[in-house]
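# Structure for this input, please:
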Amino acid sequence: MDTIGNMLVSIKNGGRAGKASILVPYSGYKMNIARALFQEGFIKSYSQKKLDKAPMIEIDLLYKGKDPKITQIKRISKPSRRLYIHKKHIKPVRQGFGKVFLSTPKGILTGEQARKEGVGGEILFELY
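Numbers count the residues shown, from 1 in each chain. As a prediction, this is how the structure comes out:
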């Protein structure tokens, strides 16, 4: 099972359904992804909750008018096929209108941040 993919699809579907927030099962890695999405302005906020003795992450979705800020998420590296990229080969997504997120030795970074830091890593997903 791809837990990161499930989290990303939940965010996309929650936005399309017009929900104010969604809940996903907690993990430290997912919390780091939520932090990166928050820092880049794709979600309103995130927090850890405890529901029925199970830790969860509550993600408050962000909207532009009535449209969700995140319209499309594409999972690149999957459990069946991991893809890694060198810092020289990181390219803009959708002519700069989207972002690519990487798992690097310095944490979860966008493509621009990874280029500035001089690191490559596993391409997690791109969104726009």
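# Pull up the gap between the nearest residue to Gly107 once chain neighbours are set aside and Tyr46, please.
Sequence neighbours aside, Asn32 is the residue nearest to Gly107 in space, at 6.4 Å (criterion: Cβ to Cβ, 6 or more residues apart in numbering). To be clear about C-beta, it is placed using only N, CA and C from the backbone, and glycine gets the same treatment. Going from Asn32 to Tyr46 by Cβ to Cβ, to the nearest Å gives 10 Å.
# Who has more neighbours out of those two?
Each of Asn32 and Tyr46 has its neighbours counted (other Cβ atoms under 10 Å); Tyr46 has more, 18 against 13.
# My read is that that one contacts Phe38, right?
Yes: counting by Cβ atoms under 8 Å, Tyr46 does reach Phe38; the two are 5.7 Å apart.
# Report the distance from the lengthiest helix in the chain to the chain centre.
Longest helix of the chain, by residue count under DSSP state H: helix 3-16. Relative to the chain's own centre, helix 3-16 is displaced by 9 Å; criterion: Cα atoms, centre = their mean, to the nearest Å.
# Against which helices or strands is it packed?
Here helix 3-16 touches strand 21-25, helix 28-39, strand 54-61, strand 67-68, strand 73-75, strand 121-127, going by 3 or more Cβ pairs under 8 Å, 6 or more residues apart in numbering; DSSP states H and E.
# hang on, the earlier thing: per-residue confidence at the residue nearest to Gly107?
As predicted, Asn32 sits at a pLDDT of 96.
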